[in-house]
Each structure stands twice: as C-alpha cells, then as structure tokens.
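>>> from the sequence below, what's the structure:
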Amino acid sequence: MINKYPQVSFIYDRKKTANPTTKSSVEMRITYDYKQKYISTGIKLYPNQWKNGKIVNCPDIMQTSQTLDKMLTDVRQIILDMEREGNIDIMAIPEKLRQLNTPQISFLEFCNVSVSDYTHCTIRRQFVPLPCVINKV
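Model prediction:
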C-alpha cells in the first residue's frame, strides 16, 4: 500500500561511520511512493549524543533541537504546498528548502553587497555605472 503523504524522519549515522571519537551526521529522510530522499541537516553528533531519535548529552541541546524542529516544520510546509499544487516531488524538496532559507534581495542590493567586497580602485574602474543606477531608482 502506497502512503498518501510523504513520511519524514531524522536518521543518525546512516553510513555507520560514528565512533566515540568521530562525529556523524544527522540527516532527514523523506519517503514517498517507494522513493527515499536524504537531506543533510548540517548537524554532527557523537554516538552518545543521539538516542531513540532525540538529542541527548549535547552542550547546545536547545539550539540544535530548535534547528531540527525548524527544518522539519519547513519541509512539512513545502510538502503541504506541493500537495495543494497537486504534484508531490520529493526530489525537489531540497531546492525548495534552499530557496525558503535564502534571503530574497533585489538585484541592486546584490550589486551593492558585491561591490563592497572589491577594493576602491576596482570599484572605480569597473563599477562606475552602479551609483548612477542606484541614485536614479
């Protein structure tokens, strides 16, 4: 029987690389229509810091737990949005999650940030038109 909704869970040490001196990653697994998609959470823990799907014995347990909860909430919201659109594609979830967590800035703001990384001579030679465009907008 095929599940109507994707199942989302956290998996620790999927590749079986953790030992008492080496951390391993916590990943999110999304299962739907006999397909699985793994997404990295960016969190690495020692084996004694993960028990029964929960974080334990971790110095920053509150912040780490909040990060996992936010990611789970975001993925569930993406799945609900996909369901409303009528097309659930678990392979597209990582890109949608990246878009959700990337701040949206205008092109002019992007140019301003990029220009601030260059030296004054480079700005003067190559980006002279930018202040003109910014001042006219």
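
>>> mind jotting down where the strands sit in the chain?
7-12, 24-32, 35-45, 50-51, 54-55 (DSSP state E).

>>> make TSV from those and add mean pLDDT and distance to residue 110 to it.
Any C-beta I mention is one placed from the backbone N, CA and C, and that applies to glycine too. Listed next are those as TSV, based on pLDDT from 0 to 100; distance: least, Cβ to Cβ, whole Å:
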stretch	mean pLDDT	distance to residue 110
strand 7-12	95	33
strand 24-32	95	30
strand 35-45	94	24
strand 50-51	92	39
strand 54-55	90	36
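
>>> tell me which of those sits most buried.
Most buried of the strands of the chain by mean neighbour count (mean count of other Cβ atoms under 10 Å) is strand 24-32; its value is a mean of 19.

>>> show me how far that one is from its chain's centre.
Once both centres are worked out by Cα atoms, centre = their mean, to the nearest Å, strand 24-32 turns out to sit 12 Å from its chain's centre.

>>> please apply the same query to stretch 75-88.
Chain-centre distance of stretch 75-88: 17 Å, with Cα atoms, centre = their mean.

>>> I'd say residue 75 and residue 94 touch.
No - with contacts counted by Cβ atoms under 8 Å, residue 75 stays clear of residue 94, the gap being 9.4 Å.

>>> circling back: got the strands of the chain as TSV, with distance to residue 111 columns?
Output for those, formatted as TSV (distance: least, Cβ to Cβ, whole Å):
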stretch	distance to residue 111
strand 7-12	38
strand 24-32	35
strand 35-45	29
strand 50-51	44
strand 54-55	41
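
>>> go through these and name the closest to residue 100.
Taking Cβ to Cβ, strand 35-45 is the member of the strands of the chain nearest to residue 100, at 12.5 Å.
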